[in-house]
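J.: Next input, structure requested:
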Amino acid sequence: MSRGPRSQDARKNWGSDDSQTNILHVDMDAFFVSVELLKRPDLRGKPVAVGGQERGVIAAASYEARRYGVNSAMPVNQAKRLCPHLIILPTSHGVYGKVSKRIMTILEGVTPLVEPISVDEAFLDVTGARKIFGTPVEIARHIRKEIREKEHVPASIGIASTKHVAKIASAHAKPDGLLLIPHDQTLPFLHSLPVGALWGVGPVSREKLERKGIQTIGDLAALGERHLRRMLGEASGTQLYALAMGHDPRRVTPHTVEKSISREQTFFDPITTREEAERMLLHLSDDVARRLRRHSFVSWTIGIKVRSFANFSTISRSVTLGGPTDLAHDVYEAARRLLSGVEIPPGGIRLLGVKAENLAHPDDGIQLSIDDDGRRGKAEAAMDSVRQKFGGTSLKPGSLIGGFNDPRSLQ
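T.: Predicted coordinates:
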């Protein structure tokens, strides 16, 4: 992606705040690395990455490392070939999630309309915050200052009239910058960018479009919606044309109705045995069931996700239960049966996930599993009470005692 105007030039190049530029995309810069450098300030300015040590993948890379072509999700051995003097730091279990929660609290101090997207990014709608904090640019400067002073890490912010453009703007503001795209400058900004900058255009779609001479978003918009629908299909063609024309009706939604509860784990060192995979499934299932109970849900459908370490291919499987459940035992048994039908991929597993979906409330008059005599439910409820009082790691299934490969726990 080509660079847009830097933050200090935003007003000069793209105009000033207007009444429609109320969406902010806050994106932490190389978040995992930034947090690790708080403990190792001597490494600032050097090519640094966070990830596996001898094998596995890179979780995050400093901008100094990125100049050598090192990026997240890259195998460690490839990163070392590109940058032989790369310094790779191990991950700090649980630390990133704690920092993230404090940053989200800073954002919620500006507006209640905060939509976290991941551990290191969020959308904000600051329409209602203007009277207190000023223009969106002033709000963005305030947020960046608060994050820098309280958490000592950099954040880049994009400001626009839609979520799609705000996210692109934050990418162009990096590192450690701010970029405003006024509403009336949305199309000139978008149409100057390479077509791969559009949300939904992956490497395959980009190559297909570029083979047809479509290099920029402006080129794509010039084709027209009808031609794009014929080329890419009804859904993709309609969506990409709308985005290319600056249309994105999605609102910032801080609270959504739960459709599923899931937990996945990415591994810097691959899981290579079924026994190890089943132990991780138990850990994930226990967490999913605990969250089901905390939110007063039961689940009819359990699913798993398995991603290959070698080629990133992903397999998903799901099963509908005979009766809904919120018990770790039931979630795990269903997940384990699903995993038994999946071969451990060559090179091992990079990501493993468990999902509970098709959710309902126990008091909706539904019949729970006839095999449940209540004892397991009481036992797991007692475990919840202990964890609430003494911490989430104070009690765990016996087979998990002794630890397991959990290098990227952000919960």
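J.: Low-confidence stretches in this protein?
T.: 1-17, 54-55, 255-258, 362-411 (pLDDT under 70).
J.: now the strands for it?
T.: With DSSP state E, the ranges of strands along the chain come out as 23-28, 48-51, 58-61, 87-89, 114-118, 121-125, 155-160, 178-180, 260-271, 298-308, 314-325, 349-360.
J.: The spatially most central residue of the chain bridge partners, please.
T.: Centroid check for the chain by CA atoms, centre = their mean gives residue 118 as the closest residue, at 3.5 Å. Counting by DSSP bridges, residue 118 forms beta bridges with residue 121.
J.: Also residue 51?
T.: Beta-bridge partners, per DSSP bridges, of residue 51: residue 58.
J.: now it: how far from residue 162?
T.: Plainly put, residue 51 is 34 Å away from residue 162 if you go by CB to CB, to the nearest Å. Placement of C-beta: from N, CA and C, glycine included.
J.: Looking at the two, which one has more neighbours?
T.: In terms of neighbours (other CB atoms under 10 Å), residue 51 is the more surrounded of residue 51 and residue 162; the figures are 29 against 22.
J.: Was I right to think that one contacts residue 59?
T.: Yes: here residue 51 reaches residue 59: they are 4.6 Å apart, a contact under CB atoms under 8 Å.
J.: Can you work out which residues contact both of the two?
T.: Listed as contacting both residue 51 and residue 59 by CB atoms under 8 Å, 6 or more residues apart in numbering are 91, 268.
J.: Identify the residues contacting the nearest residue in space to residue 187 that is not next to it in sequence.
T.: Distances taken as CB to CB, 6 or more residues apart in numbering put residue 246 closest to residue 187, at 5.6 Å, once the chain neighbours are dropped. Listed by CB under 8 Å, 6+ apart, the contact set of residue 246 reads 161-162, 165, 186-187, 190.
J.: Kindly reformat the residues you listed as JSON lines containing distance to residue 268.
T.: As requested, the contacts of residue 246 are exported to JSON lines (distance: CB to CB, whole Å):
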{"residue": "161", "distance to residue 268": "39"}
{"residue": "162", "distance to residue 268": "35"}
{"residue": "165", "distance to residue 268": "34"}
{"residue": "186", "distance to residue 268": "39"}
{"residue": "187", "distance to residue 268": "42"}
{"residue": "190", "distance to residue 268": "36"}
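J.: Select from the residues you listed the one having the most neighbours.
T.: Neighbour max across the contacts of residue 246 (other CB under 10 Å) = residue 165, 26 neighbours.
J.: so how far is residue 225 from that residue?
T.: Taking CB to CB, one finds residue 165 at 19 Å from residue 225.
J.: what does residue 73 give?
T.: Taken as CB to CB, the span from residue 73 to residue 225 is 33 Å.
J.: which one of the two has more residues nearby?
T.: Under the criterion of other CB under 10 Å, the comparison of residue 73 against residue 225 puts residue 225 first, with 15 against 12.
J.: Now the more buried one: closest residue in space, sequence neighbours ignored.
T.: Using CB to CB, 6+ apart, the nearest residue to residue 225 is residue 241, at 4.1 Å.
J.: neighbours around the one you found, how many?
T.: 20.
J.: residues touching it, list them.
T.: Contacts of residue 241 (CB under 8 Å, 6+ apart): 220-221, 224-225, 228-229.
J.: Who wins on neighbours among those?
T.: Most neighbours among the contacts of residue 241, by other CB under 10 Å: residue 220, with 27 neighbours.
J.: Quick check, that one in contact with residue 245.
T.: No: between residue 220 and residue 245 there is no contact under CB under 8 Å: 9.7 Å.
J.: Now do the helices in the stretch 151-300 of the chain.
T.: With DSSP state H, counting those that start in this stretch, the ranges of helices along the stretch 151-300 of the chain come out as 163-173, 186-191, 203-211, 217-223, 225-232, 234-244, 274-294.
J.: Can you convert those helices into a markdown table and add a column each for distance to residue 317?
T.: Below are the helices of the stretch 151-300 of the chain laid out as a markdown table (distance: least, CB to CB, whole Å):
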| stretch | distance to residue 317 |
| --- | --- |
| helix 163-173 | 31 |
| helix 186-191 | 39 |
| helix 203-211 | 24 |
| helix 217-223 | 36 |
| helix 225-232 | 29 |
| helix 234-244 | 25 |
| helix 274-294 | 12 |
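J.: Please identify which of these is closest to residue 85.
T.: helix 163-173 (27.1 Å; CB to CB).
J.: okay, the angle between the closest one and strand 155-160?
T.: 140 degrees (axes from the mean of the first three to the mean of the last three CA atoms, to 10 degrees).
J.: So which elements touch helix 163-173?
T.: In terms of contacts (3 or more CB pairs under 8 Å, 6 or more residues apart in numbering; DSSP states H and E), helix 163-173 is packed against strand 23-28, strand 121-125, strand 155-160, strand 178-180, helix 186-191.
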